[in-house]
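Visitor: this one's sequence-less:
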RNA sequence: GCGCGCUUAGCUCAGUGGUAGAGCACUUCCUUCACACGGAAGGGGCCGCAGGUUCGAACCCUGCAGCGCGCACCA
């Protein structure tokens, strides 16, 4: 740092240090180093999508993790920050398929077939995957990259399969025919969590149907979905509704399709709200969850009129068949209209479930899927409720609790190719090979029909040792399922005519294992018990994530942790805010309101981005993003840079011993302020209040250290006393070396550069800051001995504050007198007590006074000399004629009013016996002191007023 | 519909019972030998509204309003 540039230039610094840290394995975690004195600290990264790109949300999230990791390292912990990515089943498959279509390579993925298509996805992953990892490195993330994991890694996939088979064996995973959320765009089932309700503006159609048994009697029905009329199998009314009671049990003629107007029963069901619409509901069991339940209660047939892709099938009738569901809706209304059975259509807004990913309305659809009954729900719910696993901010605990209390089985199968293939082989009832299978194995399996057993039966078809399958019977359809991890079993099952399930598992079914699957867990206790990484680093300390995935991921990880590790996966969860733009909208690609973090890095520097984002991210609140904050971060880095540059320009020994006997009041003051800042920062960290940490750092460094202490020190640096000068350098080194360490978790690059540039690294042992600031000891508040030795008492603050106040008053006087800021003027000072020459020199510098004369005892200001005073001194600016008398008089007048008001307020309180008798002694004393202070102030103002010219 | 959160200076936000704060923005002065990505001085607030508790309320309680977010099968 011999030739320091005037402004900080991040580009030349960042890559250099990141490479250095990696070269020296600074991010690597070694479980062998963990001891009682060197505890482990671990975080697992929320895995971003492997083909994703960095967003501001990632910056916020990962900067917080980096801050936690870096601070823990400096505290002497063995830190593992475990990185990786997930395979994002639907998103990735959709992107690849769309791209191939665009290229004209295929019309549909079937053109390629499963294997060839998956090859293409892997190619895509190799090409685009890992971009986000490189981006994380750019912002300084100190992850142990040697342990990077991907949810589709062979070992990880093995964990997923293992967990599936384990839960299947336990009877928690079952095959069932249910109403699921079907995405007509992605052509797969979704879990409830992947469906978001959105208000949609549409119409409520009122149409009428005739009662078969009473020609001429018509019932009017309200519906938002007339296109599903062909799928109606009943109409329902509330049994208590007098309007329709006599019609229950009779029939109506279904309106559509025209060529097939079937007779539908009128049934009575409590679900119907007589107040809504006409009180008559069309029952469509195939296309509505509630209707499906009504259908079950009344044994209604199910007619499915929709294809998987959302178009109408032949059962919808010739008018609608082939049409998209939305076109069919219009068409159906038109047909009703044409036949005179549409009474009206009124504008109507209702909530419709949308596929979170594809953005299209989902279809409730009856289909066979794999479901999971969540494991370990009790311990998972109670650990948060009782606070042994803590959420920050804790209000999320309530949201979590509510969800856990009403938890529904999880639909885990997806009709996709990209993902973990379900390790189940099925032999259907009535298939070619079934009879042969039954004949051969029924006896050994204790029966091969539904009802024989629904619990999993352990069996080895291949006969190999350790090769086992878990066999269960599907009560719904009589097929036989065999789940296995064994290749030998798989081969044998195929030979027996079993067919592997074509579906893959929900991506979250792999992510929920993240905290231990990434640490090499295999699910065999013999091996897991000897896994040093797991032993040292599980459970992890903190999880940092967004509240939007609390159910998707956080809750499920907790359950998986208890189920497979017997312990919670993390002790604290920090929920970040959501980053929004200035209009409060979420950042999104489609809105184009999401800046590229790397652009910001090249424009302002990584540290600036980190600081800016952290500074504007209060705990528990969404973050309104404004580039100004990043600019502020850059400015701050520049300030830090220049403050260090100033230190370097003073030369002298680095980190000399501080001599207590030479400390000035300013020195003691800044040491006290540092101590105060250290304490505040520690408290803020404990409460995960990161923006408060940045604010304290900012205030201490900029307002206290630079604006006051450094400026005041210049008197000594330009002065003659070399001993004082050297001692001030020692104080500065003490403060700066602490400051750089404090800043390092937020600003890793610039602090490392300055740490070395100022020579602070040179004196330290290699592992304690000598090699890198990353491992320098975390600053501790001063202890009582140090404070005593350095004379850091309360009076130090009082003197400093009086000086600050006097300088402020004096500068204000200059401004009012229209003295340009750069012009030196004569001041006269009359101190009220002792005022050493050194202090006088400081005041002279800060007031830009020349000369600053001590008033002799008999000196009297000329009439008209402007003056200010406080406890420290009276200060005169003898510039008769220059001062704007009227302005000064008016200012002092306003000041006086304010002081009088304050005096009145305090006096009123003190005069109130209720107050004086009830209030604690300390508060009473404070008020009495305040009254004295204001009264003194008033005298000072009156003095200044009296001094003004006529 | 139920639940949660927010409402303080023009903007973004601190402030959990005792003198209303910060940063940015704004006005004025200053390119003074760390920094104009800077320095100095200054203006600006019935703390969403209405009640209550208290000697004392931005803070505690109740109600209301506006905004945001969860959860919920009203067709």
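Guide: Structure received. What you are looking at is a predicted structure, and each value in this text was computed from that prediction instead of being measured. Residues are numbered from 1 along each chain as shown, chains lettered A, B, ... in the order given.

Visitor: what residues are up against residue A:209?
Guide: Contacts for residue A:209 were tallied using C-beta atoms under 8 Å, 6 or more residues apart in numbering; they are A:218, A:219, A:221, A:235, A:252, A:253, A:254, A:255, A:341. For every residue, glycine as well, the C-beta is placed using N, CA and C.

Visitor: Neighbour-wise, give me the winner out of the residues you listed.
Guide: Neighbour counts for the contacts of residue A:209 peak at residue A:252, which has 28 neighbours (criterion: other C-beta atoms under 10 Å).

Visitor: Quick check, it in contact with residue A:213.
Guide: No: under the contact definition of C-beta atoms under 8 Å, residue A:252 does not touch residue A:213, with a separation of 9.3 Å.

Visitor: tally of neighbours for the closest residue to residue A:461 other than its chain neighbours?
Guide: Of all residues beyond its chain neighbours, the one nearest residue A:461 is residue A:492 (4.3 Å), with distances taken as C-beta to C-beta, 6 or more residues apart in numbering. Neighbours of residue A:492 under the rule other C-beta under 10 Å: 21.

Visitor: Over to residue A:624?
Guide: Counted with other C-beta under 10 Å, residues neighbouring residue A:624 total 15.

Visitor: So the residue nearest to residue A:461 sits against residue A:459, correct?
Guide: No: under the criterion of C-beta under 8 Å, residue A:492 is not in contact with residue A:459, lying 10.7 Å apart.

Visitor: in the stretch 51-200 of chain A, which spans are strands?
Guide: For the stretch 51-200 of chain A, the strands identified by DSSP state E, counting those that start in this stretch occupy A:78-82, A:84-85, A:149-150, A:173-183, A:188-190, A:195-210, in order along the chain.

Visitor: Turn those into a markdown table, including mean pLDDT and distance to RNA strand B.
Guide: Formatted as a markdown table, the strands of the stretch 51-200 of chain A follow (pLDDT from 0 to 100; distance: least, C-beta to the nearest atom of the strand, whole Å):
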| stretch | mean pLDDT | distance to RNA strand B |
| --- | --- | --- |
| strand A:78-82 | 97 | 27 |
| strand A:84-85 | 96 | 24 |
| strand A:149-150 | 96 | 28 |
| strand A:173-183 | 90 | 10 |
| strand A:188-190 | 92 | 13 |
| strand A:195-210 | 88 | 5 |
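
Visitor: Of the ones you listed, which is nearest residue A:658?
Guide: Distances from residue A:658 to each of the strands of the stretch 51-200 of chain A were compared using C-beta to C-beta; the minimum, 31.9 Å, belongs to strand A:78-82.

Visitor: Can you give the contact residues for that closest one?
Guide: So strand A:78-82 is contacted by A:27, A:29-31, A:33-34, A:38-45, A:65-66, A:69, A:72-73, A:141-144, A:147, A:149, A:518-519, A:533, A:536-537 (C-beta under 8 Å, 6+ apart).

Visitor: Check stretch A:175-183 too.
Guide: A:188-192, A:194-195, A:289, A:292, A:308, A:353, A:355, A:357-358, A:360, A:362-371, A:411, A:474, A:476-477, A:481.

Visitor: Centre of the chain to it, how far?
Guide: Mean-position distance between stretch A:175-183 and its chain equals 31 Å (C-alpha atoms, centre = their mean, to the nearest Å).

Visitor: go on, stretch A:745-753?
Guide: Averaging C-alpha coordinates over stretch A:745-753 and over its chain gives two centres that are 23 Å apart (C-alpha atoms, centre = their mean).
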